[in-house]
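S.K.: the following comprises the amino acid sequence and a computationally predicted model.
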Amino acid sequence: MTDIELTMRDIYSARARIAPLAHKTPLISSPALSELTGSEITLKLECLQETGSFKPRGAANKILSLEPGAQQRGVVTMSSGNHGRALAYVAHRLGLRAVVCLYETVPANKRDATRKLGAEVVVKGSTYEEAMEEAYRLVEKEGLEMIHPYDDPVVIAGQGTIGLELLEEFPDLDTVVVPLSGGGLLGGIAFVLKSADPKIHVVGVMMERGPAMVESLRAGRLVEIVEEPTLADALAGGIIPNTYTFELLQKTVDETVLVSEQEIAAAMAFALERHHLVVEGSGAVGIAALMSRKLQHLGKRVAVVISGANVDMAILMRVVQDHLDCR
């Protein structure tokens, strides 16, 4: 399917490898979204993972794939929050040193959660790229092993285990809607689903503010963007350099959608009100795309990945109150 060093055997191996650290998440129906869209809508609740996002799948697969010597030297990453927290969790469970490089606008709740799991948190610069430079500096200086948030076939394989679970629980799905940032989550799921049936329609969703991967896919080349404040902070950041995910997404993704801050906020409020789910902005973009009717193609049996729950409670309460005030 693609030149990436990835096979379905890698996905199945990843599932067995990560089982002690990343659990199978529920798939629930959404009657309200089904009524709104006229399709059967189900939600894949990755927000219920131990660290509040899908990220332990990829982090665990990569760390557990390292040679023992590399593990013992310790691991490092850069993150907009959720991957760093997952890395800290996996390293803590395995008794390994972990260093997480964040940038200044990463929300305080995500920084604190990462520290509480025992990771060394380094805050460097105002952008994802500056945090990335610091992480690679530590690789050279201290011999730490880089665990990339998305652009690594082993990490992608870990995220692809979600695709296996979707096929097993919802084998007749014809559309999947997935949050998109660097492309590890969407790429892994798309690889699995397209390997099973190329006719499955794969949709990636980003926020309108700084959608680096969507702009790159639409341009047919990697492009730089200006980062902007957004409720979907976990999807923020540039994607240059990129070795794997851009090409993988070019070959497996059928449609991309952008949603506004208002649409993301409405989706967060919907998740809490209708499903009693705490969902961060990045995890709610798929719901936002359905609620705003932005998909060009919507099948009859649709799975929406809810990727994370790590939102500051004050922000969520403000979003919900603003939503109630607008009724």
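M.R.: Cool, got the structure. Residues are numbered from 1 along each chain as shown.
S.K.: report the contact partners of the residue nearest to Gln250 when sequence neighbours are not counted.
M.R.: Excluding the flanking residues, the one nearest Gln250 by Cβ to Cβ, 6 or more residues apart in numbering is Leu217, at 6.6 Å. No exception for glycine: its C-beta is placed from N, CA and C like everyone else's. Leu217 sits next to Gly204, Phe246, Leu249, Gln250, Val253, Thr256 when contact means Cβ atoms under 8 Å, 6 or more residues apart in numbering.
S.K.: can we see that at 10 Å?
M.R.: Taking Cβ atoms under 10 Å, 6 or more residues apart in numbering, we find Leu217 in contact with Leu180, Gly183, Gly204, Met206, Pro211, Val223, Phe246, Leu249, Gln250, Val253, Thr256.
S.K.: for Ile156, state which of these is nearest.
M.R.: Gly183 (8.2 Å; Cβ to Cβ).
S.K.: that closest one is in contact with Pro211, isn't it?
M.R.: No. At 11.9 Å, Gly183 does not count as touching Pro211 under the criterion of Cβ atoms under 10 Å.
S.K.: which residues do these two both contact?
M.R.: Joint contacts of Gly183 and Pro211 (Cβ under 10 Å, 6+ apart) are Gly204, Leu217.
S.K.: Val302 belongs to a strand?
M.R.: Yes. Val302 sits within a strand when classified using DSSP: H, G, I helix; E, B strand; the rest coil.
S.K.: Val90 versus that one, what's the distance?
M.R.: 31 Å (Cβ to Cβ, to the nearest Å).
S.K.: of the two, give the one with the bigger neighbour count.
M.R.: Remark: of Val302 and Val90, Val90 carries more neighbours, 29 against 26, as counted by other Cβ atoms under 10 Å.
S.K.: pLDDT averaged over the helix or strand that one falls within - what is it?
M.R.: For Val90, the host element (DSSP states H and E) is helix 82-94. Across helix 82-94, the average pLDDT comes to 96.
S.K.: likewise stretch 220-230?
M.R.: So the average pLDDT for stretch 220-230 ends up being 93.
S.K.: identify the residues contacting that stretch?
M.R.: Counting by Cβ under 10 Å, 6+ apart, 80, 103, 105, 126-129, 206-217, 233, 236-242, 246, 250, 260-261, 264, 281-282 sit against stretch 220-230.
S.K.: buried members of those residues into PyMOL, please.
M.R.: Filtering the contacts of stretch 220-230 down to the buried ones (16 or more other Cβ atoms under 10 Å) takes a single PyMOL command:
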select buried, resi 80+103+105+127+128+206+207+208+209+210+211+212+213+214+215+216+217+233+236+237+238+239+242+246+260+261+264+281+282
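S.K.: take the contacts of Leu217 and keep only those in helices.
M.R.: Phe246, Leu249, Gln250 (DSSP state H).
S.K.: JSON lines please, covering those residues and showing distance to Pro229 and pLDDT.
M.R.: Shown next, in JSON lines, are the ones in helices among the contacts of Leu217 (distance: Cβ to Cβ, whole Å; pLDDT from 0 to 100):
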{"residue": "Phe246", "distance to Pro229": "25", "pLDDT": "97"}
{"residue": "Leu249", "distance to Pro229": "25", "pLDDT": "98"}
{"residue": "Gln250", "distance to Pro229": "29", "pLDDT": "97"}
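S.K.: just curious, which of these is nearest to Met146?
M.R.: Of these, the one sitting nearest to Met146 (Cβ to Cβ) turns out to be Phe246, at 18.6 Å.
S.K.: CA atoms only: put stretch 304-319 into CSV for me.
M.R.: C-alpha atoms of stretch 304-319 as CSV (Å, rounded to 0.1, in the frame of the first residue of the first chain):
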residue,chain,number,x,y,z
VAL,A,304,-15.7,8.6,15.3
VAL,A,305,-12.5,8.4,17.4
ILE,A,306,-12.6,10.5,20.6
SER,A,307,-8.9,10.8,21.1
GLY,A,308,-8.5,12.6,24.5
ALA,A,309,-10.0,13.9,27.8
ASN,A,310,-7.2,16.0,29.1
VAL,A,311,-8.9,19.4,29.4
ASP,A,312,-8.5,21.8,32.2
MET,A,313,-11.8,21.7,34.1
ALA,A,314,-12.0,25.5,34.3
ILE,A,315,-11.9,25.6,30.5
LEU,A,316,-14.5,22.9,30.1
MET,A,317,-16.9,24.6,32.6
ARG,A,318,-16.5,27.9,30.7
VAL,A,319,-17.2,26.2,27.4
